[in-house]
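1. Got a sequence here, can you build the structure:
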Amino acid sequence: MFFLYHLATDYDGTADRNFRGPAKAALLTALYEKIEGGDPADLGLVEVYLTEPAEYGFPKTRALPQNLIPKECGPWFGHLASEEEPLLPSWGEVLAHYDDDDRLQAIEFYGSRYGGFVSRDPSLKPTMRGRLKRLNEGPIYITARITGEPD
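-> Predicted coordinates:
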C-alpha cells in the first residue's frame with residue numbers, strides 16, 4: 001500500500017507534466033508577458049495580505065484569477081473573486097510577485113508539495129523550501145520546486 005501511495009504522489013513527475021516542455025514554456029511565457037504588460041486591476045489580480053514584509057521574498061504579491069491560469073498547467077485553481085480583499089492565499093493559487101516599483105518579478109504556482117516559479121531573472125527563487133529543478137532556460141526561466149512529503 002505504501003508503494004502504491006508513492007506511485008500516486010510522484011511530485012517530481014507532476015511538476016514535469018505541469019511545467020516542462022515547449023508547449024508549457026510557450027503558455028507560461030505568454031502568461032508572464034500578459035501580466036508583465038497589463039494593469040493588475042484590469043487583469044483581475046487581487047492583493048495578497050502579507051503577514052510580514054516580503055513574506056514571499058518580494059515587497060508585493062497579488063493572486064491571479066482563475067481565468068488567467070492555463071488549464072494545461074495542472075490543477076491550479078486561482079483566486080475566485082470575492083469581497084474578502086486583501087486575501088490570504090492558500091495552496092493551489094497562482095501568485096504574481098512584484099518589486100518596490102510595482103514591476104513583475106515572478107509568477108509562482110504556490111503548492112505545498114510542489115510548485116512552479118516563472119521569472120525573467122534566473123537568480124530568483126521561491127521562499128518555500130524544496131529542491132529546485134530548472135525546466136526552461138530564458139528568456140523566461142521556469143523552475144519546479146519539489147518538496148514531497150513534509151519532514
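
2. Residue 129: what's it in contact with?
-> Residue 129 is in contact with residue 147, counting by Cβ atoms under 8 Å, 6 or more residues apart in numbering. Heads up, the C-betas are built off the backbone N, CA and C, glycines and all.

3. Would you mind measuring from it to residue 40?
-> From residue 129 over to residue 40 the distance is 28 Å, taken as Cβ to Cβ, to the nearest Å.

4. check contacts around residue 146.
-> By Cβ under 8 Å, 6+ apart, residue 146 lies in contact with 11, 12, 15, 113, 114, 130, 131, 132, 133.

5. and if we set it to 7 Å?
-> Neighbouring residues of residue 146 by Cβ atoms under 7 Å, 6 or more residues apart in numbering: 11, 12, 15, 114, 130, 131, 133.

6. helices or strands up against the longest helix seen in the chain?
-> In the chain, with assignment by DSSP state H, the single longest helix is helix 22-37. Applying 3 or more Cβ pairs under 7 Å, 6 or more residues apart in numbering; DSSP states H and E, one finds that helix 22-37 contacts strand 104-110.

7. What helices and strands are in contact with the strand it packs on?
-> Helices and strands touching strand 104-110, by 3+ Cβ pairs under 7 Å, 6+ apart, are helix 22-37, strand 93-98, strand 114-119.

8. So for residue 52, which of those sits nearest?
-> strand 93-98 (14.8 Å; Cβ to Cβ).

9. Do me a favour and average the pLDDT over the closest one.
-> What strand 93-98 shows for mean pLDDT is 95.

10. so how far is it from its chain's centroid?
-> How far strand 93-98 lies from its chain's middle: 6 Å, per Cα atoms, centre = their mean, to the nearest Å.

11. got it, and stretch 24-43?
-> With Cα atoms, centre = their mean, you get 12 Å for stretch 24-43.

12. So what touches it?
-> Here stretch 24-43 makes contact (Cβ under 7 Å, 6+ apart) with 19, 62, 68, 70, 72-73, 96, 104, 107, 118, 136, 140, 142.

13. sorry, back to before: and the helices and strands packed on strand 104-110: which comes nearest residue 49?
-> Residue 49 sits nearest to strand 93-98 of all the helices and strands packed on strand 104-110, at 12.0 Å, using Cβ to Cβ.
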